[in-house]
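Student: generate a structure from the sequence data that follows.
(chains A and B)
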Amino acid sequence: MEILSIEGAAKTPTVNLNPETGTIEIKGRSIPENSIEFYKPVVDWLEEYGNNPKEKTNVNIQLEYFNTSSSKCILDVLKKLESIAKAGNDMVINWYYEEDDEDMLEAGEDYQSIIKIPFKMIEIED
Amino acid sequence: MDFNLDNWIENNKNGEVILFYKGNLTNDIITKLLDDLENNFENIEIPNKIRKKLYNSVVEGIQNIFHHSLNNILENENTNEKFGVIIVQKINEQFEFIHGNFINNEIIVKLKSRLDQINALDKDELKALYKMILNNEEFSDKGGGGLGMIDIARKSGSKIDYEFINVNKNITFYTFEIKI
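Tutor: Have a look, this model is predicted:
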């Protein structure tokens, strides 16, 4: 399986998915008009990774902004991770938010309550 | 009286303007507008927290227009363009985000009922509705179930001030306003 690496742009995040280290990273802004197209390769990659995951998967989600068009796609990503965890694999989900950004913290809490895997909420200080 | 767009703009653009746009929206224009908005934030005093809430609301509002608006029917009847008016301004220490666009009259009933539903809910109820739609409804690239409006209401903590201004028997100018 290959590394999936997408460079961030004005409206889309940096994505790094590494099957060797079991590291999943999504960072930056996710505010495209058409999110489904952007997230399809990510969801497909996770589908394949789920067939033979690392013993432990580390997930880092560090978003500055995301729009509601992305919110469903992010949930799809998290649901793929949930099913990998449910199959008995170790999974750590780190949800980063900037200092004072209560909305981003709350967004993480919303996702956590839907997918039922505990998130580690990490505040980034300025 | 006939609807006059320039008069509407003049009546509503009455603060310290941070972003104004009247025209068609494309992916590239949206990128440019959001970039302008961020640059303009540098020139005003705005707390970080408010800046994020406002930016988020403008993203959702502009993308709502992009996905759902008609063209500027006052000037040109047969295009697939997405026309909208966007005003972000500061008035009396509050920030206002107003957008307006043309819609078909047939969607007014559904849109109004969704807006009234959102305005009737408190913070926790909005959170529950957001999560319910996020987890249960089918989405297209146009979004789903008014999630954008719910998100704006949640983040702004403000009631949505809306208006449907009749243009003709088929078309209405729909305006949406929140304060942060």
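Student: does A:Pro118 really touch A:Gln112, like I thought?
Tutor: Yes: contact criterion Cβ atoms under 8 Å: A:Pro118 and A:Gln112 qualify, at 6.7 Å. Yep, even glycine has a C-beta here, placed from its N, CA and C like the rest.
Student: out of those two, which sits in the busier spot?
Tutor: More crowded of A:Pro118 and A:Gln112, by other Cβ atoms under 10 Å in any protein chain shown: A:Gln112, with 17 against 10.
Student: go ahead and confirm the more buried one touches A:Phe119.
Tutor: Yes: the pair A:Gln112 and A:Phe119 passes the contact test of Cβ under 8 Å, sitting 4.6 Å apart.
Student: which residues do the two both contact?
Tutor: The overlap between the contact sets of A:Gln112 and A:Phe119 (Cβ atoms under 8 Å, 6 or more residues apart in numbering or on different chains) consists of A:Trp95.
Student: and A:Glu2, how far is that from B:Phe20?
Tutor: According to Cβ to Cβ, to the nearest Å, A:Glu2 and B:Phe20 sit 46 Å apart.
Student: mind checking which helix or strand B:Glu38 is in?
Tutor: For B:Glu38, the host element (DSSP states H and E) is helix B:27-41.
Student: and A:Glu2 and B:Phe20? Which one has more around it.
Tutor: Each of A:Glu2 and B:Phe20 has its neighbours counted (other Cβ under 10 Å); B:Phe20 has more, 15 against 10.
Student: as a check, name the ranges of all helices in chain B.
Tutor: For chain B, helices defined by DSSP state H occupy the ranges B:5-12, B:27-41, B:48-68, B:108-120, B:123-136, B:147-156.
Student: next: chain A.
Tutor: Using DSSP H, helices in chain A cover A:35-49, A:68-86, A:102-115.
Student: so the closest residue to B:Phe173 other than its chain neighbours versus B:Ile62, what's the distance?
Tutor: Excluding its sequence neighbours, the residue lying closest to B:Phe173 (Cβ to Cβ, 6 or more residues apart in numbering or on different chains) is B:Ile165, at 4.4 Å. From B:Ile165 across to B:Ile62, the span is 20 Å (Cβ to Cβ).
Student: the two - which one has more neighbours?
Tutor: Between B:Ile165 and B:Ile62, counted using other Cβ under 10 Å, the more crowded position is B:Ile62 (27 against 14).
Student: show me the contacts for that one.
Tutor: Residues near B:Ile62 by Cβ under 8 Å, 6+ apart: B:Leu25, B:Ile30, B:Leu33, B:Leu34, B:Gly84, B:Ile86, B:His99.
Student: tell me the one of those residues nearest chain A?
Tutor: B:Ile30 (6.7 Å; Cβ to the nearest Cβ).
Student: burial measure for the closest one, as a count.
Tutor: By other Cβ under 10 Å, the burial measure for B:Ile30, its neighbour count, is 24.
Student: could you check the pLDDT of the nearest residue to it once chain neighbours are set aside?
Tutor: Among residues not flanking B:Ile30 along the chain, B:Ile62 sits closest, at 5.5 Å (Cβ to Cβ, 6+ apart). The score at B:Ile62 is 93. That number is its pLDDT.
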